[in-house]
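Trainee: have a look at this prediction, sequence included:
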Amino acid sequence: MTGTPPPAGRRPTAFRLDDRKVRLTDDEDKMPSADEALITQAFLEDDEPRLPRTASTPKSGFKFGKWLIIGLSGLVSLTIGLAVDSLIRDLFARTDWLGWLGVALATLAALGLLGLALREVAGLMRLGKIDKLRERLSEAAENDNASAATSGLKELLALYRDRPETAQGRKALAGHMREVIDGRDLIKLAERDLLGPLDLEARRIVMNSAKRVSIVTAVSPRALVDLLAVLFENLRTIRRLSALYGGRPGTLGFLRLARQVLTHLAVTGGMAAGDSLASQVLGHGLAARLSARLGEGVVNGLLTARIGIAAIDVCRPAPFVSGTGPSISDFMGELVSLAKKEDPQDTN
């Protein structure tokens with residue numbers, strides 16, 4: 001019995017499953033030697049026919065929710081328009097100069113609304129461009145594609161061409177692109193010379209935010225204050241990291257970015273990982289040396305740091321190729337040291 005066909009020139013041979021010459025393998029293309037048999041994982045799995053994927057896929061019907069939103073938005077817009085029209089007519093009925101003043105103010109408001117809409121669209125397009133650039137560079141690094149890496153790095157240089165603090169890194173990277181022909185190495189050099197200073201500042205932003213959350217939640221008397229402080233710091237950190245890496249999102253772009261961060265946390269299991277790590281650290285003697293409030297502050301600081309790490313992964317226009325990026329352990333030591341300094345019960 002074997003899960004792979006015998007090599008050419010080899011006669012069929014019977015083996016017992018408990019024979020030492022029978023081995024399991026995950027490689028279905030691997031050929032057995034003359035005196036052994038290979039059992040693949042696919043051979044052991046159940047080969048019963050399965051229903052098509054469409055059988056468990058929800059069918060898309062009419063988007064009644066979208067109809068509701070569009071209808072309500074239209075009614076609100078008509079209400080505002082009619083109210084403005086009625087106001088301007090009343091102003092003209094009183095005196096002409098009040099009517100023209102109302103027209104000027106309405107025009108100014110319309111221009112402001114148009115500007116906000118254009119800024120939101122530009123912010124969404126910028127975030128989409130960064131997401132696509134990160135995917136392209138990740139694929140170029142994985143396949144070691146020099147042409148794709150060069151094309152993506154040119155877009156990265158264009159993204160930071162108006163940032164004076166990146167001038168030295170852009171100059172160094174431009175020189176590397178003329179000399180280095182390996183795609184993966186080019187992306188590593190971009191990570192070191194161009195994105196390195198930004199990564200260092202991003203770590204400082206996350207570390208300072210985690211410290212503030214740790215201190216505030218340790219000294220605040222009410223849970224509502226803790227919740228508001230954590231929410232404010234996390235949103236502030238996401239916006240600052242996005243601006244640091246070139247996102248500069250508007251309101252809609254920021255909401256999209258926050259959703260991407262939460263999705264990233266859900267996919268990577270980041271919240272659970274951070275909580276588990278914090279519990280492990282506190283369980284190895286830290287809880288015995290810190291008060292309950294300061295211990296809770298450390299945990300909240302670590303979770304804030306984990307959200308910051310997820311925001312770095314989402315906002316960064318290039319993947320981490322030469323390393324894995326920041327981790328919880330990078331922030332834990334400083335948070336624990338800060339908690340010990342603030343703890344009046346610490347006698348060490």
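Mentor: That came through fine. Numbering: from 1, shown residues only.
Trainee: okay, and the residue positioned nearest the centre of the chain sits in which element?
Mentor: Ranked by distance to the mean C-alpha position of the chain (C-alpha atoms, centre = their mean), the top residue is residue 314 at 2.5 Å. Using DSSP states H and E, residue 314 sits in helix 292-315.
Trainee: which helices and strands does that helix pack with?
Mentor: Here helix 292-315 touches helix 196-219, helix 223-244, helix 251-268, helix 270-281, helix 328-342, going by 3 or more C-beta pairs under 8 Å, 6 or more residues apart in numbering; DSSP states H and E. For every residue, glycine as well, the C-beta is placed using N, CA and C.
Trainee: relative to helix 292-315, how tilted is the second one?
Mentor: Meaning helix 223-244. Angle of helix 223-244 versus helix 292-315, following axes from the mean of the first three to the mean of the last three C-alpha atoms, to 10 degrees, is 30 degrees.
Trainee: packing partners for helix 223-244?
Mentor: helix 196-219, helix 251-268, helix 292-315.
Trainee: report the distance from the helix holding residue 314 to the chain centre.
Mentor: How far helix 292-315 lies from its chain's middle: 15 Å, per C-alpha atoms, centre = their mean, to the nearest Å.
Trainee: one more: stretch 91-109?
Mentor: 48 Å.
Trainee: go on, stretch 127-147?
Mentor: Offset of stretch 127-147 from its chain centre (C-alpha atoms, centre = their mean): 15 Å.
Trainee: any idea of the mean pLDDT in it?
Mentor: Averaged over stretch 127-147, pLDDT sits at 87.
Trainee: cool, stretch 337-348 as well?
Mentor: 59.
Trainee: neighbours of residue 229, just the number please.
Mentor: The number of residues packed near residue 229 is 18, by other C-beta atoms under 10 Å.
Trainee: the stretch 1-150 of the chain: strands as residue ranges?
Mentor: Using DSSP state E, counting those that start in this stretch, the strands of the stretch 1-150 of the chain run over residues 22-25, 37-40.
Trainee: mean pLDDT for those: which is lowest?
Mentor: Among the strands of the stretch 1-150 of the chain, strand 37-40 has the lowest mean pLDDT, at a mean of 55.
Trainee: point out the most buried one among the helices and strands packed on helix 292-315.
Mentor: Ranked by mean neighbour count, those are led by helix 196-219 with a mean of 19 (mean count of other C-beta atoms under 10 Å).
Trainee: tell me what that helix is packed against?
Mentor: helix 223-244, helix 292-315, helix 328-342.
Trainee: residues in contact with it?
Mentor: The contact list for helix 196-219, computed with C-beta atoms under 8 Å, 6 or more residues apart in numbering, reads 165-166, 169, 191, 225-226, 229-230, 233-234, 236-237, 240-241, 244-245, 293-294, 296-298, 300-302, 304-305, 308-309, 311-312, 316, 325-326, 330-331, 334-335, 338-339, 342.
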